[in-house]
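A.B. asks: Sequence plus predicted model, see below.
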Amino acid sequence: MSENKFSVEDATRLVAAGEKAAQDARRATRWFRVFVIAQAAYALAFTLSLDIAKVDYWKAFAPFLLVTLCIWMIAFRYRESIPRHGLRNMGIAVATWFALYTLMLDPAMQLFGLSSPWWWVLAGVISITPILACLFASSRR
Amino acid sequence: MSHPRKDLDTLIHSPVRFSLLAALRNLEDVDFKFLANLLEVSDSTLSQTLTVLADADLVTVRKETVGRRTRTWVGITTTGRTAFEQHLATLQAIVDSGNPGTSDIKGNGGQAAASGQPGESQ
């Protein structure tokens, strides 16, 4: 029969080790949420700068592209800690955002003559929802 | 009333298995390499640990081929999460009891001896 000694100190040590492992894991994967939020924020800022601040398209697009490239490069660098399908789904979400805003919402707003800035804010928020959906684990199942 | 130590799961009790389940508890499926770095264990140790836990249906191991590379994804199952939380609660009960004496854990078929020895270097 096998048996080993197990004291309260051992239990304390194991509980502490478990907490540390969980904390380390959370810390190492937390950046993905920041990445998703940053991408969504830049996407919204891009559309708002175009349609509310009336910034020239290429002047708005160039910094957006630069920032997007930077954060994607960082994401790729730490890809080992990305949840399964995380990067793929983000790619699909960004493409969906672009198509949704450029091909559907923006032309529709112009067609219906909705000129209030709040409509553009609403359109911007709606179009970033595919990106924000990547915050939820259920989007990757 | 039985001592809480009797509720300890010998399968989870090994330090590496315990840390692995603790890390996976609040995560989605994660990459094998990431897990090995996080737990500071070798690939072979992690592989062996995962085999034991996967056989007991505590974790899932999925292999995916991306181009010419194979990526292994590891996740915790509902059974694994429940078993780990029970184990943790039992450990917490032992800690809370503050019993200064030592207790014995009896292994199932030598499992505890193989996995929970203080000298285990994993």
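C.D. replies: That came in fine, so what should we check first? Numbering: from 1, shown residues only, chains lettered A, B, ... in the order given.
A.B. asks: could you pull out the helices for chain B?
C.D. replies: B:15-24, B:32-39, B:43-55, B:78-97, B:111-115 (DSSP state H).
A.B. asks: Least confident secondary structure element in chain A?
C.D. replies: strand A:3-7 (a mean of 62; mean pLDDT, DSSP states H and E).
A.B. asks: helix or strand right after that one?
C.D. replies: helix A:8-29 (DSSP states H and E).
A.B. asks: what angle do that following helix and helix B:32-39 make?
C.D. replies: 130 degrees (axes from the mean of the first three to the mean of the last three C-alpha atoms, to 10 degrees).
A.B. asks: what's next to helix A:8-29, contact-wise?
C.D. replies: A:81, A:83, B:15, B:18-20, B:22-27, B:30, B:34, B:38-39, B:88, B:91-92, B:94-95, B:97-100 (C-beta atoms under 8 Å, 6 or more residues apart in numbering or on different chains). (Each C-beta comes from the backbone N, C-alpha and C, glycine too.)
A.B. asks: Next, the buried residues of that helix.
C.D. replies: A:8, A:10-11, A:14-15, A:18, A:21-22, A:24-25, A:28-29 (16 or more other C-beta atoms under 10 Å in any protein chain shown).
A.B. asks: Repeat that for stretch B:30-44.
C.D. replies: B:30-32, B:34-36, B:38-39, B:41.
A.B. asks: cool, and stretch A:81-89?
C.D. replies: So for stretch A:81-89, counting by 16+ other C-beta under 10 Å, buried means A:81-87, A:89.
A.B. asks: Can you tell me how far the residue most central in space within chain B is from chain A?
C.D. replies: By C-alpha atoms, centre = their mean, chain B has its centre lying nearest to B:Arg17, at 2.3 Å. As judged by C-beta to the nearest C-beta, to the nearest Å, B:Arg17 and chain A stand 11 Å apart.
A.B. asks: And the pLDDT for that residue?
C.D. replies: At B:Arg17, the pLDDT value in this model is 93.
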